[in-house]
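1. Starting from these lines, generate the structure:
(5 chains)
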Amino acid sequence: MWLVIIQLKIGIILTFFSLLFAVASLAERKILARIQNRRGPNRVGPCGLFQPIADGIKMLIKEDVVPRKADRALHFLAPIVMVAPMVLLFGILPYGGGLTLVDLEVGLLFFFAVSSVSELAVFMAGWSSANKYSVFGAMRAIAQMVSYEVPLVLVAITPVMVAGSLSLVHMVEDQAGYAIGVIPNWFVLTPWGIVGFLLLFVTSLAEANRTPFDLPEGESELVAGHLTEYSGFKYALFFMGEYFGIFAGSGLAVALFLGGGGAPLPLLQWIPPYLWFFVKLVVLVGIVIWVRASLPRMRIDQLMDLCWKGLVPLAFVNLIAAAIWHYSGGGWQGWILAGGLLVGAYLMLNRVVLRSRCSWERKYYLAKS
Amino acid sequence: MTSTEEVESISEKSERLLNISMGPQHPSTHGVFRMKAVLDGETVVKLTPVFGYLHRNHEKLAERTSYLGNMPYTDRLDYFCSLTNNWAYALSVERLAGIEVPERAEYLRVITAELTRLQNHLAFLGFLLNDMGVWATVLIYGFREREKILDLFESLTGARMMCNYMRFGGCRCDVPDGWVEEAKRITDELPGVLDELEQLLTDNEIVVARTQGVGTVPGRKAINAGLTGPVLRASGVNYDVRKVDSYGVYDRFDFSVPLGSVGDCYDRFMLRLLEMRQSLNILKAALNELPSGPIINPKAKNRNLRPPAGEAYGRIESPKGELGFYLVSDKSGTPYRYRVRPPSLVNLTLLEDMCVGQKVADVVVILGSIDIILGEVDR
Amino acid sequence: MNVVLFIIAALILVGALATVCVRNLVYCALSLAATFAALGMLYLALGAEFIGWVQILVYVGAVAVLIVFVILLTAPDRMRSVGPLFSRSRILGVGVSLGVFGTIAYAVHKSGSLKGSLSMPAETDMQSIGEELLSSYLVPLEATGVLLTVALIGAVLFAREEPVEGSEESQESKD
Amino acid sequence: MERMASHYRKSGGRWLGSGILRGMGVTLKNWIGSYFDPSRLVTVCYPGERLPLPENSRSFPFLIYDGDDPEAGLRCVACRICEKECPPECIHIENERDENGKPRKRPAVFDIDISVCMSCQICVEVCPFDAIEMDQIYAISTNARFEPLRLHKEQLLKPNEYFRELSPTRSAAADARREAERAKQAKKKEAGKKG
Amino acid sequence: MLDLETIIKRVQEAVPSCRIELVSNESHSGHHSLLVDDGHAVEVARFLRDAPDICLDYASNVTGIDWLNSTVKEKVPVTETVEGEEKVNEKTVEKTVPGYLEVVYHLYSMRLKQGPVILRMRTGNRDPDVHLPSLTPVYRSAELQEREVYDLFGIVFDGHPDMRRLLMWEEFEDHPMRKDYFPPEESDESPIDEQARPKQ
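-> Residues are numbered from 1 along each chain as shown, chains lettered A, B, ... in the order given. Below you'll find the model as predicted:
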């Protein structure tokens, strides 16, 4: 009997996320367009709603070109190894309200174990295309993803330390309830929570190779990085893999910091928790698209500097701040101590970066003659 | 030009070097421009630009066409700023044949040239940020404003980019009614847009990190290499042909010439923003004081003009640098020698010196900051 | 339960053999990753969830990627592994492997663990593992921490002397 | 421009990350604005809505005839000035021959190769008889490279009313010029008859 | 404006053995130029750049001009003995002046903001690879423009760091901007072009 329920849940989750993928690919182009003062796709169906279907058919019909010197087996396997782990990640996200698929005791560990497999997929894609540019792109992509896994894990450990368990469902329960009636005690509303959420958001952007970290596909330098030799449905799979990466990253951020299925206000609790989970997820995906439209791309060495000299130290400080918050029992003294520590870290980082930047302050002389 | 001993050091670690060719179909080079780069990992060791993909031998063509017939061809040189090309050509022919230009025509020339400078710099900002990866957001903000200026050109000269508007001794047609008010409205709106662009770009940490300290050019070297325009002024050299030659009626407007201090990509990028503000000053003043009167010198002969034998070199400050026309006439209807001094080509002299030692991603930003256009480079 | 274990064991064997025998360098690396994954599945099948996922995280996520990165950096063109598959001194090879396999088999037989039935180990949860780690096994935990930091610094020093292409990612991933 | 007269000091972003946030504020303003403020949604859905072309925009030349019969009202007198002055030499004219081979002041063949023409409008400028003007047609793609792109006299001929409604001011000026010309001819003819 | 006479005097003091003369120009622009013999061109340029008061530190434009063999009608006083007494009368004689290739440099001073001083160098004849000294060691801005003059006119500049063709592809032999160059026939022209064959 429970097998049927499980099948039903899997069905719901998979249909939801593939629908979200279709809608997100359309929403990306629409939001990008709206930011750029234009309308975005509106020819296929009412205001462009059938565009994802059209894209899907196009990808299916398009001829799948495989370069002659390419390593056929690896070339074929790469997209699969890219997408499969991403789909696994949706299993452990705590939607709440009976929709949570499985409550793994080592939920978070499972999340990182599976998401680190996609680096192998990037290598297989880059290497099998036998194209100088794609090897170059693959090298950069792996360097970036492995480097950004360190801050990602460090930041994810802080809520684990406070909640006391690796299971995501337990973490959501820990964030349930409302302090003084109105404010939900989500982790994001604590000093270390704000910093942790921002760090997690930035590192999950880097993990999914999204702007401002979409260096591997840096059009302006190496055409399409490790995706140069892919076309047709395999390219669509990579595209889907990237989107599932964003959904998984945002899902994790929602679960760890935004209180999973919790309603922001007590009187809104009649809406089932999984709906709240999806609303927050969609809002985060919207912010990802908004970031993509407004930030330029970073150089590979700046990217690494940011990771090792910026995010990892900040993640350690955040860990300490969370510990202080935990042992000071939360409340206003927690705010002062943990908050003070974090603000001090930010000011120190601010001064270090400004001093190293050669001449932030620029003077331009307006010659009269 | 890498010195000889450096060349040896390249060959002996040659197996670790990567030869890549950026362009001519590369998405970020401005037209068909190719660079052969030798990379050691991420840093550029050697970079040789390759020219000639858009070479149409414009100068040979001009030697068999009449003086008036050459005017529409000058639109095709720097196809983003056709009006400044026309003005440079008209200026050098007037200097050759000794033709005066009435007041109103001089003012119309200044107005159209400053409008061209505005739309060229707006497009430049868009392309530079597009190279840095902003997914065309800034490009479309720039083009949104540029469209308004191109509509002004279309209602005045008949075409958006191929205006063919200036004649020897003045301009071809007068301003349609309502044009000056429309131009005033646009020049009053633009400062707001520039503030918005500045807020979006100048303090953006990623833009600053990608451009500061990249592709630095010292002033003295820039002068010797013949750099002109915003690229030269970014290195702090105070040389603007509008102020030096004060051709046309530029001496009547009080505008200042922004100068950079370091001479890197960030300064070149900021210079364009500041220059746009100065152009707006000039435009406001010129549009208010536009005198009435003839728009072309009635005595000037345009159709079969036969200037006296001799030569002349006229130059103006085009948005990309000093654009000059060197004409040699042998009293026949077609010029004996017609030479265009292309600012984009000469500004590329130091491209290799700027790029060696920088990262691959910087080469694209450096090329973008010089703002070249291939119609002018290859002619 | 045994059927699953046999399948996974077969998978591990096939992966290990592939790692050694396949000519193509890249296939070796990937089959090595597959073997690590199969080992992780083995732990999971035996109910040790923590070890299973840590195995996948550390070995498949980091070590395999490290090996792959080394291939990317060093042998962009030498895809084929050089030299004949089986070296000439075949007898020496077989002799050594038989000796090693014999001693291991004898030790396992002596320890008597095979006698009892394959009983499921006591149900362990994260809580107890955590406390165990930080109480009785605290010293080995700290020692490995120090060891990894030293390895990290060593790698960085190595990378510093002669600039390594791409980024200086050659450190051990987290513990 | 109240900035300091001689210096434009670029105040560096003192707070790390504030520049990025301010920049994203601009994109957010454009995103929200595009739903409410028409100036932030500038594109036009082309085939449906079309931007009106300004009056003297130009694409390719066309010949003008007065009245309603193209052959009778043809203004062009085949003086071949435009053929000589056209920079890319894309106009080809052949005079009409009357019975004993003497060229008459009418073009028998008047071809414009619009694949060569760069719509530079010099032919209109140099034509003393206002016989040729610039049209505003731009959707004229064909399926062959050479033949359909050589417009012959019949395809080029359009009535003066079309030109009058295409660009009122220029056609008014042209008509005024022709009126003055015709009046001068008539006065000269009387002076000739009287004198 | 720097007047050319003082410059000529200063140059003759500085570089005594060089031959420098003024070439006048009748057009309204009044841009007269200095003809320098190619033996001492580099020292003259270096002097013009480094002299503190002249300081022509910016070579704006480098151009090549191809002058064909021109026939000059000259009035030559010929003394003929007609019917016994001496009579001197002019007779127009056709004299062909041999053509030459010329390179023109427009020098400006950015520091003193002074107008163009035009330097000309002429080659002896018009055969394919005639040599002239390159001014790139003095003015770096001449580097690409001299390569273009070599590519389109066929003047090889000695001392140029990278003497290659700028615009044409390497295997292209002749030099298109020369007056006696006509493009090869095989270019596929549209019907109109055949009819309107270039008229000269």
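
2. Just give the closest residue to the residue of the stretch 201-350 of chain B found nearest chain E, not the sequence neighbours.
-> Proximity of the stretch 201-350 of chain B to chain E (Cβ to the nearest Cβ) peaks at residue B:226, 2.2 Å away. (Each C-beta comes from the backbone N, C-alpha and C, glycine too.) Taking Cβ to Cβ, 6 or more residues apart in numbering or on different chains, and ignoring the residues beside it in sequence, residue B:226 has residue E:141 as its nearest neighbour in space, at 2.2 Å.

3. still on that earlier bit, and the residue of the stretch 201-350 of chain B closest to chain E, what does it touch?
-> B:346, B:349, E:58, E:59, E:60, E:139, E:140, E:141, E:142 (Cβ atoms under 8 Å, 6 or more residues apart in numbering or on different chains).

4. The residue of chain E found nearest chain B: what's it in contact with?
-> Using Cβ to the nearest Cβ, residue E:141 is the residue of chain E that sits closest to chain B, at 2.2 Å. Residues counted as contacts of residue E:141 (Cβ under 8 Å, 6+ apart) are B:224, B:225, B:226, B:227, B:346, B:349, E:58, E:59, E:60, E:62.

5. try residue E:27
-> B:95, B:96, B:97, B:98, B:307, B:308, B:309, B:310, B:311, B:312, B:329.

6. among those, which are in strands?
-> With DSSP state E as the criterion, strands contain B:310, B:311, B:312, B:329 from among those.

7. ok, so of the residues you listed, who is nearest residue B:182?
-> Ranked by distance to residue B:182 (Cβ to Cβ), those are led by residue B:312 at 35.9 Å.

8. which residues does the closest one contact?
-> Residue B:312 touches B:92, B:93, B:95, B:96, B:326, B:327, E:27, E:28, E:29, E:31, counting by Cβ under 8 Å, 6+ apart.

9. residue ranges for the strands of chain C, please.
-> With DSSP E as the criterion, chain C has no strands.

10. Scan it for its longest helix.
-> helix C:138-161 (DSSP state H).

11. Ok, chain D next?
-> Max-length helix for chain D by DSSP H is helix D:168-194.

12. any idea of the mean pLDDT for that helix?
-> Regarding helix D:168-194, the rounded mean pLDDT is 89.

13. other SSEs contacting that helix?
-> For helix D:168-194, the packing partners by 3 or more Cβ pairs under 8 Å, 6 or more residues apart in numbering or on different chains; DSSP states H and E come out as strand D:132-134, helix D:160-166.

14. Is chain B within reach of the last one?
-> No. Residues of helix D:160-166 contacting chain B under Cβ under 8 Å from any Cβ of the partner chain: none, with a closest distance of 12.3 Å.

15. List of residues touching that helix?
-> Contacts for helix D:160-166 (Cβ under 8 Å, 6+ apart): D:64, D:65, D:66, D:73, D:133, D:135, D:136, D:170, D:171, D:172, D:174, D:175.

16. what about the fourth one, distance to residue B:283?
-> With distances defined as Cβ to Cβ, to the nearest Å, the gap from residue D:73 to residue B:283 amounts to 45 Å.

17. Give me the more crowded residue out of the two.
-> Neighbours per residue (other Cβ atoms under 10 Å in any protein chain shown) separate residue D:73 from residue B:283, with residue B:283 holding more: 25 against 14.

18. follow-up on the earlier one: farthest pair in the contacts of residue B:312?
-> B:326 and E:28, at 15.1 Å, using Cβ to Cβ across the contacts of residue B:312.

19. So between the two, which is more surrounded?
-> Between residue B:326 and residue E:28, residue B:326 has the larger neighbour count (other Cβ under 10 Å), namely 27 against 16.

20. Assign the more buried one to helix, strand or coil.
-> Applying DSSP: H, G, I helix; E, B strand; the rest coil to residue B:326 yields a three-state assignment of strand.

21. Nearest residue to it in space, please, no chain neighbours.
-> residue B:339 (4.0 Å).

22. residues touching residue A:228, list them.
-> Per Cβ under 8 Å, 6+ apart, neighbours of residue A:228: A:129, A:131, A:133, A:134, A:137, A:222.

23. Can you tell me how far it is from chain B?
-> Noted for residue A:228: a distance of 12 Å to chain B, by Cβ to the nearest Cβ, to the nearest Å.

24. likewise residue C:140?
-> For residue C:140, the distance to chain B - Cβ to the nearest Cβ - is 39 Å.

25. try residue C:70
-> Counting by Cβ to the nearest Cβ - residue C:70 and chain B are separated by 16 Å.

26. What count of nearby residues applies to that residue?
-> 12.

27. got it, and residue A:132?
-> For residue A:132, using other Cβ under 10 Å, the count is 14.

28. Wait, residue B:284 touches residue B:185, no?
-> No. Taking Cβ atoms under 8 Å as the definition, residue B:284 is not a contact partner of residue B:185, at 11.7 Å.

29. Between these two, which has more neighbouring residues?
-> residue B:284 (16 against 11).

30. now the end-to-end length of stretch D:161-175.
-> 11 Å (Cα to Cα, to the nearest Å).

31. Next, the buried residues of that stretch.
-> D:163, D:166, D:167, D:170, D:171, D:174 (16 or more other Cβ atoms under 10 Å in any protein chain shown).

32. I appreciate the help and will end here.
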